[in-house]
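# Okay, structure incoming, though there's no sequence with it:
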């Protein structure tokens, strides 16, 4: 069965410091991975997906199949980055895909 | 374009009762998925509906059920409520099933079971 692990419940950094939110997965098939973000009092929204290899709001994430990881990184954290971040894996089961989420990491960026 | 809407936003029920939650997807979206979010378990997939048919189901007991109407609106029902059913229930819509990265989430319904 597929599994997504986010080892840190809370990550606290100062503004301007580098950020790395860890995500590891287990899945026997070809993974499709995403990062979702939930800002305070806002709904859950897609931040980025590994397929598009894009940078959103300065965040990037690289899929490392050897280490089964999809860590989210940003070189210089901003206060507005404070939010809950969820890593998610899309897996196919009987022809239908399902999103499996990690338990999330709360990022707090202090001034 | 209006986002995904969920009603009601908050609900308090007593153990043993049943509850129905509603989700209206983004206009044109035909797939609706439901998730349960709790502090202990995080976000867990409940089920997905497309064209009024349940296409996929998570690992939840039969007390949890849902349906989708011809206008793509969806409802989920929980019967014989238990204290552990207290959670935020999220609905997400997408154009087609399987577009995991194309899901748009609603604000959720906060269910409290006493």
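Structure's in. What do you need? Since the model is a prediction, treat every value here as computed from it, not as a measurement.
# Residues of chain B that sit close to chain A?
Within reach of chain A by CB under 8 Å from any CB of the partner chain, chain B has these residues: B:3-4, B:33, B:35, B:41-45, B:48, B:55-56, B:58, B:90, B:97-98, B:100-108. For glycine as for every other residue, the C-beta is placed from the backbone atoms N, C-alpha and C.
# Can you flag which of these belong to strands?
B:33, B:35, B:42-45, B:48, B:55-56, B:90, B:104-105 (DSSP state E).
# For stretch A:79-93, buried residues please.
Using 16 or more other CB atoms under 10 Å in any protein chain shown as the test for burial, stretch A:79-93 gives A:81-83, A:85-92.
# check contacts around residue 34.
Just going to use chain A. By CB atoms under 8 Å, 6 or more residues apart in numbering or on different chains, the contact list for residue A:34 reads A:46-50, A:87-90, A:99, B:100-101.
# wrong chain, I was asking about chain B
B:23, B:45-48, B:66, B:74, B:76, B:89-92.
# Out of those residues, which comes closest to chain A?
residue B:45 (5.3 Å; CB to the nearest CB).
# My guess is that closest one contacts residue B:55. True?
No: at 11.7 Å, residue B:45 does not count as touching residue B:55 under the criterion of CB atoms under 8 Å.
# coming back round to it: I'd like the contacts of residue B:34 written out as JSON lines, with neighbour count and distance to residue B:8 added.
Compiled in JSON lines, the contacts of residue B:34 are given as follows (neighbours: other CB atoms under 10 Å in any protein chain shown; distance: CB to CB, whole Å):
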{"residue": "B:23", "neighbour count": "27", "distance to residue B:8": "11"}
{"residue": "B:45", "neighbour count": "19", "distance to residue B:8": "22"}
{"residue": "B:46", "neighbour count": "21", "distance to residue B:8": "18"}
{"residue": "B:47", "neighbour count": "22", "distance to residue B:8": "20"}
{"residue": "B:48", "neighbour count": "28", "distance to residue B:8": "22"}
{"residue": "B:66", "neighbour count": "22", "distance to residue B:8": "16"}
{"residue": "B:74", "neighbour count": "25", "distance to residue B:8": "15"}
{"residue": "B:76", "neighbour count": "22", "distance to residue B:8": "13"}
{"residue": "B:89", "neighbour count": "23", "distance to residue B:8": "11"}
{"residue": "B:90", "neighbour count": "23", "distance to residue B:8": "14"}
{"residue": "B:91", "neighbour count": "29", "distance to residue B:8": "13"}
{"residue": "B:92", "neighbour count": "25", "distance to residue B:8": "18"}
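# Can you read off the pLDDT for residue A:42?
With respect to pLDDT, residue A:42 scores 92.
# do you know how far the spatially closest residue to residue A:69 that is not a sequence neighbour is from residue A:66?
Distances taken as CB to CB, 6 or more residues apart in numbering or on different chains put residue A:24 closest to residue A:69, at 5.1 Å, once the chain neighbours are dropped. In this view, residue A:24 and residue A:66 are 12 Å apart by CB to CB, to the nearest Å.
# more crowded one of these two?
Comparing residue A:24 with residue A:66 by other CB atoms under 10 Å in any protein chain shown, the one with more neighbours is residue A:24, at 17 against 5.
# Show me what that one bridges to in the sheet.
Judged by DSSP bridges, the bridge partners of residue A:24 are residue A:5, residue A:69.
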